[in-house]
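S.K.: Give me a model of this one.
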Amino acid sequence: MHQKDIEFNNENIAKFMGGQWKAKKRRDETCEYNLHIPHRPGSIYTHLNQLNYHQYWDWLMPVIDKIENLGFMSEINSMLDDNDKVYKHMCWFYRKRKKNNRDTAMESYAGWNGKQNDSKISVVYQAILNFIKEYE
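M.R.: You can find the predicted model right below:
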């Protein structure tokens, strides 16, 4: 993935998490824009390349928590080969299907099946991006 794509995707995740760009006037009357993200208190970001949802679990797991708090179930699995070695990961989000105002079953909502040798975090990251596109 190219750096511009990563920055675009990370900004979308930050917005999903309640992040907002805020203008701050400088002494010379120009504006500086800072991104404030509620789940990262005390952190102010001035450049998109400072966002690390694609790299670190401590950035990504609060996003999973928010999705689950919206009423979705998350599933992260690893597939094993014949030698019991992990060769593939997947991440999916499910929600309860309603029929006649009753929960009947779980249905898949959004997710991602990784390719061989994709890292687990990259698969979860892509699943989250797919969730956000579907949800918003």
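S.K.: beta partners for residue 97?
M.R.: residue 105 (DSSP bridges).
S.K.: Is it in contact with residue 109, as I believe?
M.R.: No. Counting by C-beta atoms under 8 Å, residue 109 is not a contact partner of residue 97; they are 10.1 Å apart. In short, each C-beta sits where N, CA and C put it, glycine included.
S.K.: then the longest helix anywhere in the chain to CSV, C-alphas only?
M.R.: Across the chain, the longest stretch assigned as helix under DSSP state H is helix 120-135. C-alpha atoms of helix 120-135 as CSV (Å, rounded to 0.1, in the frame of the first residue of the first chain):
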residue,chain,number,x,y,z
LYS,A,120,-2.6,-10.4,11.2
ILE,A,121,-2.6,-6.7,11.8
SER,A,122,-2.8,-5.9,8.1
VAL,A,123,-5.8,-8.2,7.8
VAL,A,124,-7.6,-6.6,10.8
TYR,A,125,-6.8,-3.1,9.4
GLN,A,126,-8.3,-4.0,6.1
ALA,A,127,-11.4,-5.5,7.7
ILE,A,128,-11.9,-2.3,9.7
LEU,A,129,-11.6,-0.2,6.6
ASN,A,130,-14.2,-2.4,4.9
PHE,A,131,-16.5,-2.1,8.0
ILE,A,132,-16.2,1.7,8.0
LYS,A,133,-17.1,1.9,4.2
GLU,A,134,-20.1,-0.3,4.8
TYR,A,135,-21.2,1.4,8.0
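S.K.: in it, what's buried?
M.R.: By neighbour count with 16 or more other C-beta atoms under 10 Å, helix 120-135 contains the buried residues 120-132.
S.K.: a markdown table please, covering those and showing distance to residue 75 and pLDDT.
M.R.: A markdown table is the format used below for the buried residues of helix 120-135 (distance: C-beta to C-beta, whole Å; pLDDT from 0 to 100):
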| residue | distance to residue 75 | pLDDT |
| --- | --- | --- |
| 120 | 13 | 92 |
| 121 | 16 | 94 |
| 122 | 17 | 94 |
| 123 | 12 | 93 |
| 124 | 11 | 95 |
| 125 | 15 | 96 |
| 126 | 14 | 95 |
| 127 | 10 | 94 |
| 128 | 13 | 96 |
| 129 | 17 | 96 |
| 130 | 14 | 94 |
| 131 | 12 | 94 |
| 132 | 17 | 95 |
